[in-house]
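Student: Kindly generate the corresponding structure for this input.
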Amino acid sequence: MPTTQETPGQGRADAEVVDLVSSLIRFDTSNTGELATTKGERECAEWVAAQLQEVGYETEYVESGAPGRGNVFARLKGSNPDRGALMLHGHLDVVPAEPADWRVHPFSGAVEDGYVWGRGAVDMKDMVGMILAVARQFKAEGIVPPRDLVFAFVADEEAGGKYGCQWLVENRPDLFEGVTEAVGEVGGFSLTVPRPDGTDRRLYLVETAEKGLGWMRLTAKGRAGHGSFLHTDNAVTILAQAVARLGAHTFPLVISDSVAEFLAAAGEETGLDFDPKSPDLDGTLAKLGTIANIIGATLRDTANPTMLSAGYKANVIPQTAEAVVDCRILPGRQAEFEATVDELIGPDVQREWITKLDSYETTFDGHLVDAMNDAILAHDPGARTVPYMLSGGTDAKAFAKLGVRCFGFAPLQLPADLDFSALFHGVDERVPVDALLFGTRVLEHFLLHS
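Tutor: Prediction:
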């Protein structure tokens, strides 16, 4: 159970959030992408439900298409029932981790050296813990927000949400009744950039867009035969050539609105010239530090071969060869992307989508954006919020199908030298304790003014 003892100047949510995040990490909710080997989220979801029920929430537990794929929903009534509800969503599953590679056990939830350690610490049990802490505080203290709040803790995000948000949207749209806006992961974190006058500025990146996610299977067929014969119709050769062409291809530079706004803001703060026509745009981006890995990947579509499979014996030419390609597609680029892929792989290779999730983009304006900005500035007055595009994907892709306007806003004030992007799915994943406290206070302010 989380602790509830408060210190002077510290609210209930502050007092609980570190224990909540640590407790969440101790649930091994590893998602392998296969039902047979995924541990499932049931135990963790039931624990989350118990934390909410303890302070008076009515919760609904739902299994999304398969046993153990647990989801929990709760709703807090706001003062204005005529306004659309705001949903705060977080996924309970995590990617697998190999304990031998870690400094601490990845499911220990250890609190050491000013960090909470473990798989899911930043992806995304930190945000789940912050949501849970603030939700508990509001209910326990009788706080009424300005609009209805829906708290959604869901399964299977790490495998695309087939047994999570996708199933829920298709089969239980009633759970999202009245929801018009939502906030989730991978946004609201700080990026410290140098300014021309020698000072630094913290930018808080709010996610307003995501690339589309597509896992594509390529299949080549040829004539099976003995490995010692001459073969002009070898499936392995046909596939290998197609994969090499696709993997080596550089898609055209396309600057989406969210990316353009980020580059403009970053240029204003740093004095750097992020001219899309510059032959050294990547080099200029690198001066922003590790965030360049994400921003650089949002400048163009990508198609990265990740898996190959063919043959069953060294002296047998196989009839079939297969590859899997991880595709990330910019908003508005789906048709052009597929046409380019077809040209690159040629007529002798067939393609099919294993998983295909659309891109998403919204604008960086409106009351909710103002509330995010005000909440950040209330706790970091010298900061600036800016939009950006995520090179990966989140559950927002599914919720957008219901007409929900989605943002990534899991606020964290991070040390300037922390390689935050490397922590996602990385060894020794961890989140600063101070960042959790900051994020909890910002989230509370945001929800009281949303």
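Student: Now do the helix or strand Ala339 falls within: everything it contacts.
Tutor: Secondary structure from DSSP states H and E places Ala339 in helix 334-345. Helix 334-345 is contacted by residues 212, 216, 218, 242, 245-246, 249, 251, 301, 303, 327, 329, 351, 358-359 when judged by Cβ atoms under 8 Å, 6 or more residues apart in numbering. The way it works is simple: take the backbone N, C-alpha and C, and place the C-beta from them, glycine included.
Student: Let's see that with 10 Å instead.
Tutor: Helix 334-345 is contacted from outside by 212, 214, 216, 218, 220, 238-239, 241-249, 251-252, 254, 301-303, 323, 325, 327-330, 333, 349, 351, 353, 356, 358-359, using Cβ atoms under 10 Å, 6 or more residues apart in numbering.
Student: Mind giving me the ChimeraX command for buried ones among these?
Tutor: Only the buried entries of the contacts of helix 334-345 go into this ChimeraX selection, using 16 or more other Cβ atoms under 10 Å:
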select :212,214,216,218,220,238,239,242,243,246,251,254,301,302,303,323,325,327,328,329,330,333,349,351,358,359
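Student: who does the helix or strand of the chain with the lowest mean pLDDT touch, helix- and strand-wise?
Tutor: The helix or strand of the chain with the poorest confidence is strand 225-226; it has a mean of 88 (mean pLDDT, DSSP states H and E). Here strand 225-226 touches strand 316-317, going by 3 or more Cβ pairs under 10 Å, 6 or more residues apart in numbering; DSSP states H and E.
Student: Which strands or helices does the strand it packs on pack on?
Tutor: By 3+ Cβ pairs under 10 Å, 6+ apart, strand 316-317 packs against strand 225-226, helix 235-248.
Student: could I get the ones you listed as JSON lines with distance to Gly114?
Tutor: Below are these laid out as JSON lines (distance: least, Cβ to Cβ, whole Å):
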{"stretch": "strand 225-226", "distance to Gly114": "63"}
{"stretch": "helix 235-248", "distance to Gly114": "41"}
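Student: Could you tell me the least trusted of those?
Tutor: The stretch with the lowest mean pLDDT among these is strand 225-226, at a mean of 88.
Student: Quick check: neighbours of it in the sheet, parallel or antiparallel?
Tutor: Sheet pairing for strand 225-226, assigned by DSSP bridges, gives strand 316-317 (antiparallel).
Student: Tell me the strands beside the helix or strand that comes right after the strand it pairs with, with direction?
Tutor: Downstream of strand 316-317, the next assigned helix or strand under DSSP H and E is strand 320-329. Applying DSSP bridges, strand 320-329 is found paired with strand 212-221 (antiparallel), strand 302-310 (antiparallel).
Student: Same list (these) but as CSV, adding mean pLDDT.
Tutor: Output for the strands paired with strand 320-329, formatted as CSV (pLDDT from 0 to 100):
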stretch, mean pLDDT
strand 212-221, 96
strand 302-310, 97
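Student: Skipping adjacent residues, who's closest to the residue of the chain most remote from its centre in space?
Tutor: Centroid-distance maximum for the chain: Phe229 at 49.6 Å, with Cα atoms, centre = their mean. With sequence-adjacent residues excluded and distances taken as Cβ to Cβ, 6 or more residues apart in numbering, Phe229 is closest to Ile317, at 7.8 Å.
Student: Over to Ser30?
Tutor: Take Ser30 and drop its neighbours on the chain: the residue closest to it by Cβ to Cβ, 6+ apart is Pro96, 4.4 Å away.
Student: Tell me if I am right that the one you found is in a helix.
Tutor: No: assessed with DSSP: H, G, I helix; E, B strand; the rest coil, Pro96 is coil; it does not lie in a helix.
Student: Tally up the residues packed near it, please.
Tutor: Look at Pro96: counted by other Cβ atoms under 10 Å, it has 16 neighbours.
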